[in-house]
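In: Below: sequence and its predicted model.
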Amino acid sequence: MTDRDPFAEGERAARDKIPAEANPYSDGSAEHALWAAGHEKVAGAIEARESEGS
């Protein structure tokens, strides 16, 4: 049995270049917020690296 980790799923989605709008969880739910936070963490880091030119 595997427990889903919305934060980790959001991180993985950002790495796979899946847009934040693709969040699979119900808007307003705790899972939605966790997925969005994970996505933003990775997407923000990717964006920062790209803006530095690396």
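Out: Ah, there it is. Treat the numbers as computed from the prediction; the structure is a model and nothing was measured.
In: Compute the number of surrounding residues for residue 52.
Out: If you count neighbours by other Cβ atoms under 10 Å, residue 52 ends up with 7. Where C-beta positions appear, they are placed from N, C-alpha and C, glycine not excepted.
In: same question, residue 10
Out: Count around residue 10 with other Cβ under 10 Å applied: 29.
In: Now do the contacts for the residue lying closest to it once chain neighbours are set aside.
Out: Closest residue to residue 10 apart from its sequence neighbours, by Cβ to Cβ, 6 or more residues apart in numbering: residue 38 at 2.9 Å. Residues counted as contacts of residue 38 (Cβ atoms under 8 Å, 6 or more residues apart in numbering) are 6-14.
In: List only buried entries from those residues.
Out: 6-7, 9-11, 13-14 (16 or more other Cβ atoms under 10 Å).
In: and the residue nearest in space to the middle of the chain, how far is that from residue 53?
Out: Nearest to the geometric centre of the chain sits residue 39, at 1.6 Å (Cα atoms, centre = their mean). Computed as Cβ to Cβ, to the nearest Å, the residue 39 to residue 53 distance reads 23 Å.
In: Residue 46 now?
Out: For residue 46, the distance to residue 53 - Cβ to Cβ - is 13 Å.
In: Look at the two and report which has more neighbours.
Out: More neighbours surround residue 46 than the other of residue 46 and residue 53, with 13 against 5 (other Cβ under 10 Å).
In: buried set for stretch 12-21?
Out: Within stretch 12-21, the residues that qualify as buried are 13-14, 18, counting by 16+ other Cβ under 10 Å.
In: Next one, pLDDT for the residue nearest to residue 10 please.
Out: Confidence at residue 38, expressed as pLDDT, is 98.
In: What distance do you get for the closest residue in space to residue 26 that isn't next to it in sequence to residue 47?
Out: The shortest distance from residue 26 to any non-neighbouring residue, by Cβ to Cβ, 6+ apart, is to residue 32 (6.0 Å). Distance of residue 32 to residue 47, computed by Cβ to Cβ: 21 Å.
In: Neighbour count: the two, which is higher?
Out: residue 32 (16 against 12).
In: In contact with that one, which residues?
Out: Going by Cβ under 8 Å, 6+ apart, residue 32 touches 6, 23, 25-26.
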